[in-house]
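Engineer: what follows is a predicted structure for the sequence shown.
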Amino acid sequence: MYFKIYFLALFSFLLSHSIFGQGETCEDAQPICSDSSYQFYSPGLPNEIPDYYSTTCLDNTPGPAWFYFQIEDPGDIEIVMTGYEADVANPETLDIDFACWGPFDSYEVCGDNGYLVEENEVDCSYLPAHTEYCNITDANSGDYYILLITNFAEVPAIIEFYQESGDGSTNCFIVDVNATSNSPVCQGDSIHLTANEIDNA
């Protein structure tokens, strides 16, 4: 009985890591892919990104949410992002901003190392708009990009984003854990857990 409870807890933990959320720091950036539309909750806190990350347009970066994606099919990609008020009956749209850097050989580019700087920026917007468009042109298969979305309004918000157009696509294999096992098993037998392998993870 205790063995089964332990296994269920372990397996639930593995599956929970496939649930989408936003990373509040670059190191906690979450994977995304072009097959899905994403929504996340932004509490509207005034926290900012570290000074060693630089962009050509963002004067401030409140409520940062970090994501990364890998190119599968080469080509152009357009990501549309929209912010809405959270926790209200009739939500109004809210001002959001973004920056995107790349291409990189890996998503592990966070920190004071010269990667997420103006020279590596592919798109950025600080417009007073509730809908923003991130455009990446001539992306190559296997390349990684880092996307930062900020909550300029600094109020609780729901931010939605997805790939709207472009002949390129992103690798959804990095998002789907697809954990499986040979359960149930008897006490003394081996449990085999299988999940997707992620390049450069």
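Structural biologist: Sure, I can see it. Residues are numbered from 1 along each chain as shown.
Engineer: buried set for stretch 69-76?
Structural biologist: Buried residues in stretch 69-76, counted by 16 or more other C-beta atoms under 10 Å: 69-72. Just so you know, the C-beta spots here come from the backbone N, C-alpha and C atoms, and that holds for glycine as well.
Engineer: cool, stretch 39-54 as well?
Structural biologist: 40, 42, 44, 49, 53-54.
Engineer: could you do stretch 160-171 as well?
Structural biologist: 161-163, 166, 168-171.
Engineer: helix or strand for the residue nearest to the spatial centre of the chain, just tell me which one.
Structural biologist: Nearest to the geometric centre of the chain sits Phe67, at 2.5 Å (C-alpha atoms, centre = their mean). Assigned by DSSP states H and E, Phe67 belongs to strand 65-70.
Engineer: what stretches of the protein score poorly on pLDDT?
Structural biologist: 1-21, 176-201 (pLDDT under 70).
Engineer: all strands of it, in order?
Structural biologist: 30-31, 38-42, 65-70, 75-85, 93-94, 97-104, 121-125, 131-139, 144-150, 157-165, 180-181, 193-194 (DSSP state E).
Engineer: I'd like those strands as a markdown table, with distance to Glu24 appended.
Structural biologist: Listed next are the strands of the chain as a markdown table, based on distance: least, C-beta to C-beta, whole Å:
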| stretch | distance to Glu24 |
| --- | --- |
| strand 30-31 | 10 |
| strand 38-42 | 10 |
| strand 65-70 | 7 |
| strand 75-85 | 16 |
| strand 93-94 | 18 |
| strand 97-104 | 15 |
| strand 121-125 | 20 |
| strand 131-139 | 19 |
| strand 144-150 | 11 |
| strand 157-165 | 13 |
| strand 180-181 | 30 |
| strand 193-194 | 29 |
